[in-house]
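**Student:** starting from these lines, generate the structure:
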Amino acid sequence: MAKFNYRMQSILDLKLKLEDQERTAYGLAAMRLREEEEKLQALALRRAGYEKAGRELRSGGTIDVKELETNRKAVEAMKVLIRAQMLEVRRAEKDVEAARRRLQEAMQERKIHEKLREHAFEAFVEELEKEESKAVDELVSYSYSTK
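**Tutor:** Purely as a prediction, here's the structure:
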């Protein structure tokens, strides 16, 4: 029996590798996004701690102006850090979205080539069936003509 040999198998293999690379890139981008979100969360918790400490300083019996000023500066610094981290989170979200789009395109290209391979295989099977039918017809006509 003849063996099916897809002439564009190397292209299909390449598309599979590209899809794997895009899948890896998407995973890395998603992991970076989670890390950036965790950093933002940690900064927000730290800011909340500074704000709580500031409220405690203001509610205490004696008010230390230097400590209040230091606390206010720490809260302001945390606000700046949080804004910068929010930008990093947005950038990471954009990277994840771009990686998702590239992965989707790679998957579509792979599926297209797999469909082409399926159609080529179906055509190969049909050709085999035609050849077998022709061989059977020749055998039958030969045995009929010899009788």
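**Student:** quick check: longest helix of this structure.
**Tutor:** For the chain, the helix with the greatest residue count under DSSP state H is helix 65-146.
**Student:** same for that helix, what does it pack against?
**Tutor:** The criterion is 3 or more Cβ pairs under 8 Å, 6 or more residues apart in numbering; DSSP states H and E, and the helices and strands that helix 65-146 contacts are helix 9-59. Quick note: C-beta positions are derived from backbone N, CA and C, even for glycine.
**Student:** state the phi and psi torsions of Gly60.
**Tutor:** Gly60 adopts backbone torsions of phi -70, psi 170, taken as degrees, to the nearest 10.
**Student:** list the contacts for the nearest residue to Val96 once chain neighbours are set aside?
**Tutor:** Spatial nearest neighbour of Val96, excluding adjacent residues (Cβ to Cβ, 6 or more residues apart in numbering): Ala29 at 4.6 Å. Contacts for Ala29 were tallied using Cβ atoms under 8 Å, 6 or more residues apart in numbering; they are 92, 95-96, 98-99.
**Student:** and the residues you listed, which are buried?
**Tutor:** The neighbour count (16 or more other Cβ atoms under 10 Å) marks 92, 95-96, 99 as buried among the contacts of Ala29.
**Student:** list just the nearest of the residues you listed to Lys3.
**Tutor:** Among the buried ones among the contacts of Ala29, Ala99 lies closest to Lys3 (Cβ to Cβ), at 38.7 Å.
**Student:** my guess is that closest one meets Thr24, correct?
**Tutor:** No. Ala99 lies out of contact with Thr24 (Cβ atoms under 8 Å); the separation is 9.5 Å.
**Student:** any chance of the buried ones among the contacts of Ala29 in JSON lines, with distance to Glu122 and pLDDT too?
**Tutor:** Formatted as JSON lines, the buried ones among the contacts of Ala29 follow (distance: Cβ to Cβ, whole Å; pLDDT from 0 to 100):
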{"residue": "Ala92", "distance to Glu122": "45", "pLDDT": "98"}
{"residue": "Asp95", "distance to Glu122": "41", "pLDDT": "98"}
{"residue": "Val96", "distance to Glu122": "39", "pLDDT": "98"}
{"residue": "Ala99", "distance to Glu122": "35", "pLDDT": "97"}
